[in-house]
Structure formats: C-alpha cells, structure tokens
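Q: model this:
(one chain, ligands or ions: 2)
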Amino acid sequence: MMHDYEKLGSFYLGRLFDAEQGKTVDDLLLYDARDLTTHAVCVGMTGSGKTGLCVSLLEEAAIDGIPSIVIDPKGDMGNLLLSFPDLAPADFAPWIEPQDADRKGLTMTQLAEQTALSWKEGLAAWHQPTERIARLKSAAEFSIYTPGSEGGKPLSILRSFNAPSAETVADTTLFRDYVLAAVSGLLALAGITADPIRSREHILLSTILDYHWRLGQDLDIPALIHEVQKPPFSKVGVFDLDSFYPANERMSLAMALNNLIASPGFSVWAQGESLDIQRLLYTPEGRPRVAVLSIAHLADSERMFFVTILLNAVMAWMRKQSGTSSLRAILYMDEIFGFFRRQRILPQSNRCSLC
Ligand SMILES: Nc1ncnc2c1ncn2[C@@H]1O[C@H](COP(=O)(O)OP(=O)(O)OP(=O)(O)O)[C@@H](O)[C@H]1O
Ligand SMILES: [Mg+2]
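A: Ligands and ions are numbered 1, 2, ... in the order given. Next comes the predicted model:
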C-alpha cells in the first residue's frame, strides 16, 4: 500500500503532537514542499531538534528527487550520509563506544546488535521500513565537500574569479552584487575589514574585476595583485587613480593579498573541482545530489569568504532558471546565526539559535 507520505511534493516529518493529551497521535505531519519555494527559517532553543528536523526534511526532499546544497558550519550535517538500508549490527559497530558496552555489561558485538535492533524497531514504528531507507540511499548521491581542506572532497573557490556568464554581466543588479560579494569575500579572507561602499580597497578591487569581467576575462589572484599595482584604467570616478589611491598605498594592498596567497594552506583553496552549482546539484547523468559543504574546520574569515562566494554563485545560477511553482532545489544553511550581525537581529539577552 502506498502511504500518503509517498506523494511527490509531500514531506513526511513525523506525527502530530496533541498538546492537551500530551502525546503524539496517529495523524501524519505532511509538509507541502511548495512552501519551501521561497524562504524558511527554523527557530528554537539550543538542542530542541532544529537540525534533526531539517535533516528529515532534506532526506524527504532527496526521496522526491529534489537536490540540496547544505552549508554546514558546525559539522552536524554529515549525518545525512549515514543511512543504512540493512540496519545491520556491523553498520553500527564503528560508532559503539567500549565504555558504553562496559557500562551495560555487554560485549561490543552485543551492544551493536542491540543498537541495530532498537533502530530497526524504532524506525519501523514511525513508518520507516528498511526499504524506504534503501530508496533514500538510491534516490540521490550524497557527498561531503571540505573547501579549504583535503579532509573530504576539496572544492576550488579561487577559480570563481573567472568571469561570470554573459547573462550575469547583462543583469546590472546581479552583476553589481556579484562583484561586491567577490571583493568582500576576498578582503575578509585577507583580514581587511573594508566598507563595501566607501573604502578605497573595495572600490579599487571592484573596479578592476568589473573592468575585466565585462570583457569576459578571467582573473586569478596573482593577476589581481598585478592589477592593483598597475590598474588598466587611469581614473576612478572623476579622480585620477593616483589621487584616489596613491601607488605606494596600493602596494600595501597588493602586499596584503600576496601574503594571503603565500600563507601555508592557501593552495588548498585552488584544489579540487571548481565551484559549479549545477554540478553540486546534479551528477553528470542528471541524478540529484545532496552536497554537504562542511566548513567547521575553517577560521571565521575563511567561512565568510566561502559562504559569500558560494551564495554569489547560487544567485547567478538561480537567475538562469525559468520560473517554477514546484520546489526545484534546496539551499540549506545550518547554524545561520553566526552569519548575522547580532546587534541588528536580537538583543543579546534574547538570543536563540537558528537551525
Ligand atoms: N524528534 C526528535 N526526537 C527525539 N530526539 C531528537 C529529535 N530531534 C532531535 N533529537 C535529538 O536531540 C538532540 C539535539 O538535536 P539537534 O542537534 O537537532 O538540535 P538543535 O536544535 O539543532 O541544536 P543546536 O541549537 O545546538 O544546533 C540530538 O541528540 C538529536 O538526536
Ligand atoms: Mg543544530
């Protein structure tokens, strides 16, 4: 028999909870995927189950063939890759702690068997038989990327200084945002806090990228460093370049960018497949993917750099898609709170965590 929750576009998230009776009832909680065609935020106390709920949601989407890009700043989303269709003791064995087995007076093997059985029974009681887990596993390709590290699949970000598509350049607002985000990300990575509108660093780098990208020319960081010293234009706005930003001061900016590429570990940013949203969402054969982008290992400035460049690429990808009333792909970010400017969102005393 096909359950209601197997209808396409209907995400099975659990059963309803009757607050008066204080228990769950038999009615299924089915979430309409179309509600996610815009934005959603999951808010709750820390440890209340936000990430768990969203993992279920992403799994339900994958079962329906909807791909996701999952930004994981905390390292909680790797669970998406842990699905065991056989629910066999051997699947659980690597996660069994010897102390737990000792405490329960069991051998490691016995505890693995007991754990496997309790998962099997628990999941079956919630309409999740092993066949459904097998369906999830075969519905999508699950991978973990680790930009800036070789721990998982590396993802090259620096090739994103390649010129964006002609469509992006032709869309004035998108192109301006694209340039702005690329420069903000780069300056954050170099540890330069610069005002995007007023700072000379930002204006100079934006003008250089704008100049080359309009001509369809790619620019890597060494080329950009060269251009900072000898830009391909002699005026910025109405000012002469040298009055706006004297050559010796431009040299300091060039040095800061040079220190960045000379720093150990930087070369990893240039390794791996280049950032391509279509490729993160679908395999070359067109199979949906769930791409977890793990950034827990990065320093704050590197995370900001990565997320900025990624969102930029997602925006450019999105603008190329035709309109749709059904959910096509999910961009999920766990622990988004650290990426907001706190004082503008909530007073410190009212802080709650997001996802
Ligand atoms: N529906 C649920 N039923 C029982 N346990 C759950 C449920 N959802 C999550 N949990 C468990 O509760 C714990 C915290 O869950 P989770 O990490 O999802 O919370 P969170 O709200 O994302 O927390 P944080 O704000 O710290 O990120 C985990 O051990 C998880 O396994
Ligand atoms: Mg969480």
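
Q: May I see the buried residues of stretch 319-334?
A: 327, 329-334 (16 or more other C-beta atoms under 10 Å). Heads up, the C-betas are built off the backbone N, CA and C, glycines and all.

Q: so who does the residue nearest in space to the middle of the chain touch?
A: The residue lying closest to the centre of the chain (C-alpha atoms, centre = their mean) is Ile71, at 2.2 Å. Listed by C-beta atoms under 8 Å, 6 or more residues apart in numbering, the contact set of Ile71 reads 293, 295, 307, 310, 331-334.

Q: What of Asp26?
A: Asp26 is in contact with Arg15, counting by C-beta under 8 Å, 6+ apart.

Q: what bits of the protein have low per-residue confidence?
A: The model of the chain has pLDDT under 70 over residues 1-4, 159-160, 196, 340-355.

Q: From the contact counts, what lies against the helix ranked longest in it?
A: Ranked by number of residues, the top helix in the chain under DSSP state H is helix 300-319. Applying 3 or more C-beta pairs under 8 Å, 6 or more residues apart in numbering; DSSP states H and E, we find helix 300-319 packed against strand 68-72, helix 166-170, helix 172-189, helix 277-281.

Q: mind running it again at 6 Å?
A: helix 172-189, helix 277-281 (3 or more C-beta pairs under 6 Å, 6 or more residues apart in numbering; DSSP states H and E).

Q: Now find how far off-centre it is within its chain.
A: The chain centre lies 8 Å from the centre of helix 300-319; the measure is C-alpha atoms, centre = their mean, to the nearest Å.

Q: What angle do strand 68-72 and that helix make with each other?
A: 170 degrees (axes from the mean of the first three to the mean of the last three C-alpha atoms, to 10 degrees).

Q: following helix 300-319, which helix or strand comes up?
A: Sequence-wise, the next helix or strand downstream of helix 300-319 (DSSP states H and E) is strand 330-333.

Q: Not counting that next one itself, show me its contacts.
A: Strand 330-333 has contacts (C-beta atoms under 6 Å, 6 or more residues apart in numbering) with 61, 68-71, 314.

Q: Tell me the one of those residues nearest Leu219?
A: Val314 (21.0 Å; C-beta to C-beta).
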